[in-house]
Every structure is written in structure tokens, then in C-alpha cells.
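In: Quick one, what's the 3D model for this:
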Amino acid sequence: MEGMKIFKGDCAGCHGEPKDAAKREAEAILYPIPPVFALHPPKKPDEQLFWIIKNGVRYTGMFWWDGQFGKDAAGKDVSDEKIWKAVTFLKHLDSLPPTVSAEWNKKSN
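Out: Predicted coordinates for the structure are as follows:
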């Protein structure tokens, strides 16, 4: 659930959600077109997804998230932890637990 919340809050603006997946893919608002994960779940290994999210992809709209999530109350950078939660969510898009699936497929926020 935490990974889905991170994705919806920080990634869905470019990568879409089930409620707008077909429209987002058809609009092609960015070049190159970012993958719409609700339609095309990623098949890359976990560590590669982590690296892509952390470091971004040159010459695309996918910027780096390293350090972007800020620090917790103790001053620790929580970016890696949050990136791993997003990766875990993405890797399980085809097999989400029922409560997460219901929230992910909800028609309105």
C-alpha cells in the first residue's frame, strides 16, 4: 500500500493510473512516451528499476529521485527506502493483494 501511495503521489503524473491509462498513452504528452504501467507493468529486474528511479534516464522526462524525498525527523535521507517501496509496488502490479488492488483500481481519488 505504501508503494502504491508513493507511485500515485510522485509517479502517476507521467506514468498514469488505471482510471486514465488508455487516455494517457494516447495523448503522448512527453517524448519519449513514458510507459503507462497500468497497461504495461515493468518486467525489468528490481535492482534495475531501483537504479532507473534513483538516477533517472538521460534525455527523457524521467529525472532522478535520489535525495528528492527529503529527510525524516532524525535527519536520515529516506529516498532509497521510498524508491524500494515504489519498486516493490511496480513489481507486483499483476498480483496485488485485494485491498491494494481495490485502492489502485478506484475510479476517483
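In: doesn't Ile83 make contact with Gly56?
Out: No - contact criterion CB atoms under 8 Å: Gly56 and Ile83 do not qualify, at 11.7 Å. Placement of C-beta: from N, CA and C, glycine included.
In: Determine the residues that are contacts of both of those two.
Out: Common contacts of Gly56 and Ile83 (CB atoms under 8 Å, 6 or more residues apart in numbering): Trp65.
In: Between these two, which has more neighbouring residues?
Out: The residue with more neighbours, out of Gly56 and Ile83, is Ile83; 22 against 15, by other CB atoms under 10 Å.
In: Doesn't that one lie inside a strand?
Out: No - read with DSSP: H, G, I helix; E, B strand; the rest coil, Ile83 is helix and lies in no strand.
In: Do I have it right that it meets Trp65?
Out: Yes - with contacts defined as CB under 8 Å, Ile83 counts as touching Trp65 at a distance of 5.9 Å.
In: Output the below-cut-off pLDDT ranges for the protein.
Out: Within the chain, the stretches with pLDDT under 70 are 108-109.
In: Spatially nearest residue to Ala22, not counting backbone neighbours?
Out: Leu39 (7.2 Å; CB to CB, 6 or more residues apart in numbering).
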